[in-house]
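[1] here is my input; please provide its structure:
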Amino acid sequence: ANAFDKILPEEYIVHGHKIKADLNRVSGISNDKISVIPFGGIPIKNIKEFDKIPERENTVLFFGRIWPYKGLEYLIKAEPLIRAKIPNIKIIIAGSGESIEKYTDLIRRKESFEIINEHISPEKAMSLFKSSSLVVLPYVEATQSGIPPMAFQFGKPVVVTDVGALTDIVEDG
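    The predicted model follows:
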């Protein structure tokens, strides 16, 4: 035993059942010492102010940081498959992060995309969520995200990849 044994937590908290299983598998921590508390969103107090914003038909929103773990490249590569089913699709990429050129070079049909490569204010973010038809999180890796709870507050369906605890909060189908 060492000094750290005396300060180990009695309980661990994670945001999803898959993360609980991963923690148990990787660390050997007993499942009865791991609690799952779902990740919740931040309530939007002035959400009614956005009621007048109409939904844009066939609009998909990718929102947030532009980083490899968020899987933006896979959404861009999937655009021809999506367009085959929905010819007038518009994919909005809204956020900032690493160089957007890495991703814009992958785009085949520029008219299928709208790119807002900047820090998005809370008001603009709410407007984007309200006007979109669908929110996507094609993440390659994650534990959890605040984006689905925000989308749910605006009544938007969400499509996520099966990583981290994302599928714990999104009903399949």
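[2] could you tell me the per-residue confidence at the residue positioned nearest the centre of the chain?
    Nearest to the geometric centre of the chain sits residue 137, at 4.0 Å (CA atoms, centre = their mean). Predicted confidence (pLDDT) for residue 137: 97.
[3] how close does it get to residue 33?
    To residue 33, residue 137 is 30 Å away according to CB to CB, to the nearest Å. In short, each C-beta sits where N, CA and C put it, glycine included.
[4] quick one: contacts for the residue nearest to the centre of the chain?
    Neighbour list for residue 137: 62, 70, 71, 145, 147, 148, 158, 159, 160, 161, 166 [criterion: CB atoms under 8 Å, 6 or more residues apart in numbering].
[5] tally of neighbours for the fourth one?
    The one in question is residue 145. Neighbour count for residue 145, taken as other CB atoms under 10 Å: 24.
[6] tell me if I'm right that it and residue 139 touch.
    Yes - counting by CB atoms under 8 Å, residue 139 is a contact partner of residue 145 at 7.4 Å.
[7] could you tell me which residues touch both of those two?
    Residues touching both residue 145 and residue 139 by CB under 8 Å, 6+ apart: residue 166.
[8] the bottom helix or strand of the chain by mean pLDDT?
    When the helices and strands of the chain are scored by mean pLDDT, DSSP states H and E, helix 166-169 comes last with a mean of 85.
[9] buried residues in it?
    Across helix 166-169, burial judged by 16 or more other CB atoms under 10 Å covers 166, 168, 169.
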